[in-house]
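Peer 1: generate a structure from the sequence data that follows.
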Amino acid sequence: MSKEFTRRSFIRHTMGAGATLALSSKAVFAQSSGIPLNVLGKTGEMVPRIALGLGSRWCSVQDEDKALAILDYAYKNGMFHWDTAHSYQRGDVVSEERVGKILPPIRDKIFLSSKTHQRNADDAMREIEMSLKRLNTDHFDILQVHLIRSLEDAKELGKKGGVVDLFEKLKQEKVTRFIGFTGHLTAQGMKYAAENYDFDTMLIALNHYGKGEQKFEEQAVPAASQEQMGVMVMKVVRPRETVENLPVPDLIRYALSLNHVDSAVIGIDSIEVLKENIGILKSFKRLPKERMMELKTALQPFYRSKNLPWMSPSYRDGQWV
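Peer 2: Prediction:
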């Protein structure tokens, strides 16, 4: 067992006991607000176990004052990890532009993630520059390659002068503190990216099997954990759309009880939903094995569905479809 992993385990344990261990000011404030924190892999950063997903659900809030009030409430209540992307948009509502209207005065209190779909380094750089301008900031906390689509796509990222080289350069230049990737189409591709590049984080959908062939929890998640990467999961509450009688709180607790998972990115469309999630987080306890098995069985029809829009290669994550 490496020294790094031992330290990570120690931090997890001591934070669970309520200790503050070289925390950032935002983490100290979150902890004082009663928000449980978790170390995000080898980043060493302490973050809330739920991050705000600022994609299609948040962009569907037409009243901009209400949308910004969600962010204000989140910030004031210790939910400081905000996840957006260059492509997150619904109609005229652009996620990054909205975030940029509230971000500047509190930038040092927010752990900010964004993403680019582009694979060509020049195109990716143009998107990244636009994202920084939209967000009214000069840096990201995590910059992510958005939506790895296949094993071949994962391999292409590492070509000389490609996106991985660009991301590493931007990390050295402090345009971003950490780099990562996201996906929900290919377990093999995600596993390859975790094992072959020096990424800090992975954001992955839960076990959307794709006719039983894609085993994200069994392949990609352990591979990322083995590399000491921070593992974040998404699309946690989507099963309620296709499977009846699945309580949302249990779906969130299920995700956070999985081995190797550091946090969950969950879409927010109202302060009421945000308050419910904060309540779940503050009272969170890992589900017992029996309840985990019950939920895993109940989720099978959802995971094996052939009609999940985000399993289509043409799907653009975070956009209204």
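
Peer 1: check which element follows the helix or strand hosting residue 277 along the chain.
Peer 2: If you go by DSSP states H and E, residue 277 is part of helix 271-282. Beyond helix 271-282 on the C-terminal side, the first helix or strand identified by DSSP H and E is helix 289-303.

Peer 1: please work out the average pLDDT along that next one.
Peer 2: Averaging pLDDT along helix 289-303 gives 84.

Peer 1: and that helix, what's buried?
Peer 2: 292, 295, 298-299, 302-303 (16 or more other C-beta atoms under 10 Å). (Each C-beta comes from the backbone N, C-alpha and C, glycine too.)

Peer 1: that helix packs against which elements?
Peer 2: helix 248-257 (3 or more C-beta pairs under 8 Å, 6 or more residues apart in numbering; DSSP states H and E).

Peer 1: what comes into contact with the helix it packs on?
Peer 2: 49-50, 206, 233, 236-237, 239-240, 261, 263-264, 266, 276-277, 280, 284-287, 291-292, 295-296, 299 (C-beta atoms under 8 Å, 6 or more residues apart in numbering).

Peer 1: buried among these? Make that a ChimeraX selection.
Peer 2: Buried residues among these (16+ other C-beta under 10 Å), as a ChimeraX selection:
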select :49,50,206,233,236,237,239,261,263,264,266,277,280,284,287,292,295,299
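
Peer 1: in the stretch 51-200 of the chain, which spans are strands?
Peer 2: For the stretch 51-200 of the chain, the strands defined by DSSP state E, counting those that start in this stretch occupy 81-83, 89-90, 93-94, 111-116, 140-145, 176-183.

Peer 1: let me have these in CSV, extended by distance to residue 257 and mean pLDDT.
Peer 2: Shown next, in CSV, are those (distance: least, C-beta to C-beta, whole Å; pLDDT from 0 to 100):
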stretch, distance to residue 257, mean pLDDT
strand 81-83, 19, 98
strand 89-90, 32, 95
strand 93-94, 34, 98
strand 111-116, 23, 98
strand 140-145, 23, 98
strand 176-183, 22, 97
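
Peer 1: which of the ones you listed sits closest to residue 23?
Peer 2: strand 111-116 (12.1 Å; C-beta to C-beta).

Peer 1: report the buried residues of the helix holding residue 277.
Peer 2: For helix 271-282, by 16+ other C-beta under 10 Å, it's 273-274, 277-278, 280-281.
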